[in-house]
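Visitor: sequence first, predicted model second:
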Amino acid sequence: MKQPPYPAPDFTLPNQDGQSISLSDFAGSWLVLYIYPRDDTPGCTTEACSMRDARDELAEMGVRVIGLSKDDASSHEAFKAKHNLNFDLLSDSDGSVIDAYGAWGAKMFGKLGIQRKTFIISPEGQVVKVYGRVTPAGHGEQIIADLKTLQA
């Protein structure tokens, strides 16, 4: 894994509504990009709800949040509606962005797949913090605390 800071890999991906979202859309803003394995699974739901609950405070800090997985737009749309998520979910169907961020690799028992990782990206487009092997519960609060330090 690269050591921050380093340039965030560029992307343009569809969200749950089929609209293209690019890294450049967040230029000048702090961004939390979290990559997760699959919509509506227990750990991913816990993590998404933690992000949802933290989003208002993050927004007050000038921080935007997006989630990213290989799930398609219709899956994201249902997941977002079911859990009242207040941020975009992006579809990386071929996994190229997931791979570019280093979130594809060995999981438990050596099986390959999406690793749960979160990236804090500065207004200048630099990855300044990486969370590997994220614990879903309370992750939003952890990000808020770290961003307060990073923004100080």
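Guide: Now that the structure is in, tell me what you want to look at.
Visitor: need the residues that contact stretch 50-60.
Guide: 32, 34, 64-65, 67, 83-87, 136-141, 143-144, 147 (Cβ atoms under 8 Å, 6 or more residues apart in numbering). Heads up, the C-betas are built off the backbone N, CA and C, glycines and all.
Visitor: for this protein, which helix is longest?
Guide: The residue-count maximum for a helix in the chain (DSSP state H) belongs to helix 42-60.
Visitor: quick one: buried residues of that helix?
Guide: By 16 or more other Cβ atoms under 10 Å, the buried positions in helix 42-60 come out as 44-45, 47-52, 54-55, 58.
Visitor: need the residue closest to the centroid of the protein.
Guide: Residue closest to the mean C-alpha point of the chain, counted by Cα atoms, centre = their mean, is Tyr34 at 1.5 Å.
Visitor: in PyMOL, how would I select the buried members of the contacts of stretch 50-60?
Guide: Of those, the buried ones go into a single PyMOL selection, burial set by 16+ other Cβ under 10 Å:
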select buried, resi 32+34+64+65+67+85+87+136+139+140+143+144+147
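Visitor: next step: the contacts of stretch 50-60 restricted to helices.
Guide: Using DSSP H, these in helices are 139-141, 143-144, 147.
Visitor: now the helix or strand that Ala78 is a member of - C-alpha only, CSV.
Guide: Using DSSP states H and E, Ala78 sits in helix 73-82. Listed next in CSV are the C-alpha coordinates belonging to helix 73-82 (Å, rounded to 0.1, in the frame of the first residue of the first chain):
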residue,chain,number,x,y,z
ALA,A,73,-26.9,1.4,-10.3
SER,A,74,-30.2,-0.4,-9.6
SER,A,75,-28.7,-2.2,-6.6
HIS,A,76,-27.2,1.1,-5.3
GLU,A,77,-30.6,2.8,-5.8
ALA,A,78,-32.4,0.2,-3.7
PHE,A,79,-29.6,0.1,-1.0
LYS,A,80,-29.6,3.9,-0.8
ALA,A,81,-33.4,4.1,-0.5
LYS,A,82,-33.7,1.2,2.0
